[in-house]
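Peer 1: Model the following, please.
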Amino acid sequence: MAARKKKKKAGARTQARRKTPRQGAKKAKTQRKTSRATASRKKAPARKKAARKRAPAKKAPARKRKVKGLTAQDMARTQREISVAEFFAKNRHLLGYDNPSKALLTAVREAVDNALDACEEGGILPDITVAIVHVKAGTGTRGGTQDEAAKGARKRGGPAGTADRYRVTVQDNGPGIVKAQVTKIFGKLLYGSKFHRLRMSRGQQGIGISAAALYGQLTTGKPIRVTTRAKKRGPARRLDIVIDTQKNNPKVLREGETDDLPRGTGTRIELELEGRYTKGPRGVFEYLHQTALANPHAQITFTPPETGAEAHVFARVVAELPDQPREIQPHPYGVELGTLIKMLGATGSRRVTSFLQAEFTRVSAKVAAAMVEEAEINGAKTPKRVTRDEAERLYTAMNAVRVMAPPTDCLAPIGEEALEEGMRKEVEAEFYTTVTRSPSVYRGNPFQVEVALAFGSPLPADKAARLYRFANRVPLLYQQGACAMARAASSISWRSYDLQQPRGGLPVGPLAILVHIASVWVPFTSESKEAVAAYDEIHKEVRLALQECGRRLGLFVRKRKRLAEAERKTDYITTYLPPIAEALQDLLQLSDGQTARVAKVLGSTLRKSRSS
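Peer 2: Now for the predicted structure:
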């Protein structure tokens with residue numbers, strides 16, 4: 001077998017040697033193609049290797065580190081209660097302390113409002129003294145005064161610096177404050193006696209003067225000093241108070257007795273803070289000017305911070321206090337479901353019908369019976385046993401049954417006569433008119449609108465009318481565009497009263513407009529109390545009052561135009577009377593004396609015809 005295989009192989013080699021020349025050329029060509037392909041395959045990896053050498057080496061992607069999430073227990077350890085003082089310390093702009101000039105105005109406003117309220121509730125004609133002293137110059141643009149170092153810091157992108165420091169002193173002749181209440185009033189936010197009362201007052205939230213003390217403490221580190229005497233005889237008591245922001249509690253740093261207070265009862269507060277004093281339409285002087293306008297029964301003495309400046313006295317015009325408003329119960333139309341459920345659980349009444357009569361105003365026995373019948377509730381049921389579903393039916397019935405509007409003796413409007421006297425004292429003009437609307441209701445809260453207009457020289461004729469806004473006798477100097485009173489004034493067609501008016505704006509001319517809203521609860525748009533919310537009822541009442549004043553103003557303007565036109569014509573004709581008399585003299589051969597008498601008679605006749 002092996003010999004046979006060797007013989008086959010030898011035969012195959014011999015046959016291969018015997019191939020034709022054509023077959024040999026074909027084989028050679030195939031071998032050359034194969035060798036070129038092999039060479040190209042060998043060179044390609046070399047080029048790829050060279051390319052890989054020239055390219056920078058790629059880094060391996062970094063592994064993402066896993067962040068371990070917090071557990072519920074971890075989050076619970078970081079949570080804590082925040083006091084209201086701590087909240088407003090970080091959000092002081094909500095209270096009106098968002099820039100230095102506004103901060104100074106807000107502090108003065110809160111102190112003066114408290115002084116006016118205290119005097120009126122004590123039955124005392126207010127005599128208030130306001131003094132501002134410049135203590136220290138600031139280094140920032142907002143503070144007004146600045147040095148070269150502060151300028152350079154701002155150019156380099158550094159801090160803007162600090163505002164000026166002022167010491168504000170406000171003193172009144174009110175009934176004073178008892179010792180136990182002094183620290184709480186000035187050192188505890190949301191503490192006061194007016195929040196739960198439904199009666200007209202300047203303050204509502206119990207946050208005003210304590211917020212001013214908090215702002216002074218934050219910007220200067222100094223306490224508020226309160227000196228008060230609640231009895232006519234004996235020394236006054238002086239306290240230096242700071243606020244513990246973490247607990248919203250007052251701390252007394254210093255306490256003692258002093259004779260540094262005029263005889264009689266009264267209170268004086270001294271507060272140092274950062275601010276800026278301005279004389280513009282939103283400054284302290286303008287605020288006191290408008291306060292005197294809306295409170296003609298008060299006398300206010302103001303000493304500005306300028307060196308050598310004399311005190312300015314806003315004199316008292318009316319020697320009688322306004323009527324004191326009476327506290328009322330809430331109206332059924334102004335209570336929400338949650339409040340009703342809370343009242344049912346806290347009342348001392350034994351029957352639902354007696355609860356409705358005792359806790360709400362204008363609810364008689366007949367109205368209470370109609371409410372429980374509408375709600376399908378047993379009127380003899382104990383209020384504390386009323387279920388949530390029954391309370392909701394009762395709430396719906398309270399709004400469905402017809403109830404009289406709330407009483408209005410809880411309001412104390414300025415009055416048309418006193419308002420006109422205040423306007424005449426503070427605004428010089430030719431024409432004055434006032435309107436006090438009948439009381440109305442929004443969300444069950446009674447309110448009343450008063451409007452006054454002053455027109456004529458020396459008010460500027462080429463500028464928009466000046467709008468004075470008041471809420472419970474307090475001037476509102478900021479956020480005019482967001483206020484319902486300004487929107488209502490702009491919505492009036494003043495062209496109907498012969499005044500120019502741009503579209504959607506106030507009229508242009510020598511005009512001053514005063515709008516006052518008196519209410520047991522003024523719906524301010526924010527805690528800073530700078531604008532009134534646009535309820536439809538309020539907007540409607542302001543418009544009606546403005547339209548009534550506008551009609552009177554239109555009559556005056558048109559009459560003045562007629563008189564001016566008649567005077568112009570009279571002057572025109574008067575220039576021709578002497579030539580007419582001379583012509584008559586030539587025609588009738590009159591003497592000089594007769595000619596003079598003729599001219600006199602003609603002039604008298606002309607005046608009589610124009611006056612008739």
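
Peer 1: can you count the residues close to residue 356?
Peer 2: Neighbours of residue 356 under the rule other Cβ atoms under 10 Å: 25. To be clear about C-beta, it is placed using only N, CA and C from the backbone, and glycine gets the same treatment.

Peer 1: what are the C-alpha coordinates of the helix or strand it falls within, in PDB please?
Peer 2: Residue 356 belongs to helix 352-359 when assigned by DSSP states H and E. As requested, C-alpha coordinates have been extracted for helix 352-359 and formatted as PDB (Å, rounded to 0.1, in the frame of the first residue of the first chain):
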ATOM      1  CA  VAL A 352     -77.800  75.500  68.000                       C
ATOM      2  CA  THR A 353     -80.400  78.200  67.700                       C
ATOM      3  CA  SER A 354     -79.100  80.100  70.800                       C
ATOM      4  CA  PHE A 355     -75.500  79.600  69.400                       C
ATOM      5  CA  LEU A 356     -76.500  81.400  66.200                       C
ATOM      6  CA  GLN A 357     -78.100  84.300  68.000                       C
ATOM      7  CA  ALA A 358     -75.300  84.700  70.400                       C
ATOM      8  CA  GLU A 359     -72.300  84.400  68.100                       C
END
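
Peer 1: Can you spell out which helices and strands pack onto that helix?
Peer 2: Using 3 or more Cβ pairs under 8 Å, 6 or more residues apart in numbering; DSSP states H and E as the contact criterion, the elements in contact with helix 352-359 are helix 337-346, helix 365-375.

Peer 1: Chain neighbours aside, what residue packs nearest to residue 345?
Peer 2: The spatial neighbour of residue 345 that comes closest, neighbours along the chain excluded (Cβ to Cβ, 6 or more residues apart in numbering), is residue 384 at 5.8 Å.

Peer 1: actually residue 260, sorry about that
Peer 2: Nearest non-adjacent residue to residue 260, counting by Cβ to Cβ, 6+ apart: residue 227, 6.8 Å away.

Peer 1: Repeat that for residue 485.
Peer 2: With Cβ to Cβ, 6+ apart as the measure, residue 515 is the residue that lies nearest to residue 485, at 4.3 Å, once sequence neighbours are left out.

Peer 1: Quickly find the element holding that neighbour.
Peer 2: strand 511-519.

Peer 1: So for that strand, mean pLDDT?
Peer 2: Averaged across strand 511-519, the pLDDT comes to 95.

Peer 1: likewise stretch 232-244?
Peer 2: Here the mean pLDDT over stretch 232-244 is 92, rounded to a whole number.

Peer 1: Map the structural domains onto the sequence of this structure.
Peer 2: Following the assignment in automatic domain parsing, the chain carries domains at 85-147+160-314, 332-400, 416-557, 576-611.

Peer 1: Kindly reformat those as CSV containing distance to residue 69.
Peer 2: Putting these into CSV (distance: least, Cβ to Cβ, whole Å) gives the following:
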stretch, distance to residue 69
domain 85-147+160-314, 28
domain 332-400, 37
domain 416-557, 37
domain 576-611, 93
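
Peer 1: low-scoring stretches of the protein, by residue?
Peer 2: 1-64, 66, 139-161, 193-196, 204-206, 570-573, 606-607, 609-612 (pLDDT under 70).

Peer 1: residue closest to the middle of it?
Peer 2: For the chain, the residue nearest the mean C-alpha position is residue 530 (2.4 Å; Cα atoms, centre = their mean).

Peer 1: Now do the strands in the stretch 51-200 of the chain.
Peer 2: All strands of the stretch 51-200 of the chain, identified by DSSP state E, counting those that start in this stretch, fall at 127-136, 164-172.

Peer 1: Pretty sure the residue nearest to residue 260 sits against residue 240.
Peer 2: No - with contacts counted by Cβ atoms under 8 Å, residue 227 stays clear of residue 240, the gap being 10.2 Å.

Peer 1: burial measure for residue 421, as a count.
Peer 2: Close neighbours of residue 421, defined as other Cβ under 10 Å, add up to 18.

Peer 1: Can you tell me how far it is from residue 453?
Peer 2: Shown here: residue 421 relative to residue 453, a distance of 15 Å by Cβ to Cβ, to the nearest Å.

Peer 1: one step back: between residue 227 and residue 240, who's got more neighbours?
Peer 2: Set residue 227 next to residue 240 and count neighbours by other Cβ under 10 Å: residue 227 wins out with 21 against 16.

Peer 1: Against residue 383, how distant is that one?
Peer 2: From residue 227 across to residue 383, the span is 47 Å (Cβ to Cβ).
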